[in-house]
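J.: coords below, sequence missing:
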């Protein structure tokens, strides 16, 4: 009885490694189109049992890809909801669903995020990340790009020139929209801005756009020094409590980053209303709007962001597999949603 051809036999016939044959069969990593064709032809010549499956997957574009998503705080309901949207977007891909590997990073130190990126890329074809802008993070992105692993940014862009693209809302539009609305809703008095960190380029851009619009269209408005809360609700609460004690006439507040539960708590305890805007319609923010504590919430469309990110990541992986260049640093912005107490 003749011996059944093995994966190693296919590798010898095609002149490639067994690992390359495994990648063609299982879609574990990008493989150039020419190499894929050579492997399939070799498998067919020697009668390898999975040759038909290889050919079928190639014709259907059915290589099952693995996409990694590096998100932040697991305890934050927004990131949990975003993770669900990303998982759903991967599972609903047609004709072949892709595999989503989602990790969370509670420590926001750049070195830890860089390590998270490298670890996630080990078993993935492409990676998407929410991160602060820092040389450690940018260096990791450059390394992965050199390995043929495209890296996309989510929600907040980075300055890494090697990043494959950004998927999220337009931060400049967000900041200018809030400035326009607060200037019309708030009584005379100063405005304040709260950020998680200036290293989130999206937050920094939103703050700059907010201030720029007011300088141009409402120069009489005073905008106080920006408060940074490191995405920590306790720090946000304490900072706003202190600010309200110093500025009892505060008229408007724009929270462009995290720490919103602490902000809401401080606003609830303040005797007079401050026209306030924040991001992401989580349960605590919805309750605060119903109670008249918050006035505006800008919402990132999680499902559209997830669907777009998955589609663009797969396109970039396919380009790498076929040896075609992918234009780096593209921007795939999505329109944000604006919620008030009257359209909940």
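T.: Okay, I see it. Small disclaimer: the values here were computed from a predicted structure and weren't measured.
J.: contacts only, for residue 328.
T.: Residue 328 makes contacts with 145, 161-165, as judged by C-beta atoms under 8 Å, 6 or more residues apart in numbering. C-beta coordinates here come from the backbone N, C-alpha and C atoms, glycine included.
J.: just put those in CSV and tack on pLDDT and neighbour count.
T.: Listed next are the contacts of residue 328 as CSV, based on pLDDT from 0 to 100; neighbours: other C-beta atoms under 10 Å:
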residue, pLDDT, neighbour count
145, 94, 19
161, 97, 11
162, 97, 18
163, 97, 23
164, 97, 29
165, 98, 23
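J.: could you export these as TSV, including distance to residue 51?
T.: Shown next, in TSV, are the contacts of residue 328 (distance: C-beta to C-beta, whole Å):
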residue	distance to residue 51
145	33
161	42
162	37
163	38
164	33
165	36
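J.: so which of those residues are in helices?
T.: residue 145 (DSSP state H).
J.: what is the neighbour count of residue 35?
T.: Close neighbours of residue 35, defined as other C-beta atoms under 10 Å, add up to 18.
J.: that one contacts residue 16, correct?
T.: Yes - Residue 35 lies in contact with residue 16 (C-beta atoms under 8 Å); the separation is 6.4 Å.
J.: give me the pLDDT value at residue 39.
T.: The per-residue pLDDT reported for residue 39 equals 89.
J.: that one reaches residue 15, doesn't it?
T.: No - counting by C-beta under 8 Å, residue 39 sits too far from residue 15 to count as a contact (9.5 Å).
J.: give me the more crowded residue out of those two.
T.: Each of residue 39 and residue 15 has its neighbours counted (other C-beta under 10 Å); residue 39 has more, 27 against 11.
J.: in which helix or strand does that one reside?
T.: For residue 39, the host element (DSSP states H and E) is helix 33-46.
J.: and residue 231, by the same measure?
T.: Residue 231 belongs to no helix or strand, assigned by DSSP H and E.
J.: going forward, begin numbering at 22 instead of 1
T.: Got it, the first residue is 22 from now on, which makes the last one we talked about residue 252.
J.: can you tell me which residues contact it?
T.: 93-94, 129, 217-218, 278-280.
J.: find the residue at the geometric middle of this protein.
T.: Closest to where the C-alpha atoms of the chain average out (C-alpha atoms, centre = their mean) is residue 175, at 1.9 Å.
J.: I'd like to know how far that one sits from residue 76.
T.: Applying C-beta to C-beta, to the nearest Å, the value for residue 175 to residue 76 is 35 Å.
J.: the helix or strand harbouring residue 264: which residues count as buried?
T.: Assessed by DSSP H and E, residue 264 sits inside helix 254-267. Of the residues in helix 254-267, those buried by neighbour count under the rule 16 or more other C-beta atoms under 10 Å are 254, 256-258, 260-261, 264-265.
J.: check stretch 272-292 too.
T.: Within stretch 272-292, the residues that count as buried by 16+ other C-beta under 10 Å are 272-288.
J.: what segments of the stretch 172-321 of the chain are strands?
T.: 172-175, 186-189, 212-216, 248-249, 273-276, 296-300, 317-320 (DSSP state E, counting those that start in this stretch).
J.: format those strands as JSON lines; extra columns: distance to residue 141.
T.: Shown next, in JSON lines, are these (distance: least, C-beta to C-beta, whole Å):
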{"stretch": "strand 172-175", "distance to residue 141": "10"}
{"stretch": "strand 186-189", "distance to residue 141": "17"}
{"stretch": "strand 212-216", "distance to residue 141": "26"}
{"stretch": "strand 248-249", "distance to residue 141": "28"}
{"stretch": "strand 273-276", "distance to residue 141": "29"}
{"stretch": "strand 296-300", "distance to residue 141": "25"}
{"stretch": "strand 317-320", "distance to residue 141": "27"}
